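Enquirer: Show me how the following folds:
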Amino acid sequence: MSMVTRAKALGAASAVALVGPALMTKFLMAAENMDPGDVKILNVAIALERAGIKAYADAGGTGLLSAPVLEVAKGFMADHTAHRDALIAAVKAGGGTPTADTTHLDYPPLKSEADILNFAYSVERIAASTYLSVLPAFQNRDLAKTAGAILGVETTHVAILAYVLKKGTEPYPSSFVSA
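Expert: This next block holds a predicted model:
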């Protein structure tokens, strides 16, 4: 079994703070034997996480968010930052080059807090659906497990936003969520 160096762990500092050193170490060790297809998947995820970070930064900069909503948005942005950092560290651990790309998102007019929350809801659904769709494609099952852990956070974001926006009449309308 190979060893995760201090430099590799520090390269994912925000992720270590979010998930803890044990999980991050396992993730980086799994990445060291990464399939080139897995590198591609992780680079798509990096670009998507950057888009989420940008969306929340842009939303926060509008001045339209109330203080409590701005705090939640900052928390969501911190999650996306941790995901991005972990994914970048994994690509590097696997000998790959992390993408510098950011997925393009078409912004609707953002004229109110409700507009921003609805946009955030759509962004989080895209993120959750993307992670869900790529899980079976990972050759390295430990990387798939980590992507699944990120999926759990993305779906939590979706659920919180759905609740705030009163999407549906119940916390969840059925036993299955459509993508």
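Enquirer: Show me which helix runs longest in this structure.
Expert: helix 67-93 (DSSP state H).
Enquirer: helices or strands up against that one?
Expert: helix 6-10, helix 13-19, helix 21-31, helix 36-60, helix 113-134, helix 141-164 (3 or more CB pairs under 8 Å, 6 or more residues apart in numbering; DSSP states H and E). Every C-beta, even on glycine, is put in place using the N, C-alpha and C of the backbone.
Enquirer: quick one: which of the ones you listed is nearest Ala86?
Expert: Ranking the helices and strands packed on helix 67-93 by proximity to Ala86 (CB to CB) places helix 13-19 first, at 3.4 Å.
Enquirer: By mean pLDDT, show me the worst of the helices and strands packed on helix 67-93.
Expert: Note on the helices and strands packed on helix 67-93: lowest mean pLDDT is at helix 6-10, with a mean of 43.
Enquirer: For the helices and strands packed on helix 67-93, give me a markdown table that also has mean neighbour count.
Expert: Output for the helices and strands packed on helix 67-93, formatted as a markdown table (neighbours: other CB atoms under 10 Å):
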| stretch | mean neighbour count |
| --- | --- |
| helix 6-10 | 13 |
| helix 13-19 | 19 |
| helix 21-31 | 19 |
| helix 36-60 | 20 |
| helix 113-134 | 19 |
| helix 141-164 | 18 |
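Enquirer: Any idea which of the ones you listed gets closest to Val72?
Expert: helix 141-164 (7.3 Å).
Enquirer: so what does that closest one touch, helix or strand wise?
Expert: helix 21-31, helix 36-60, helix 67-93, helix 113-134.
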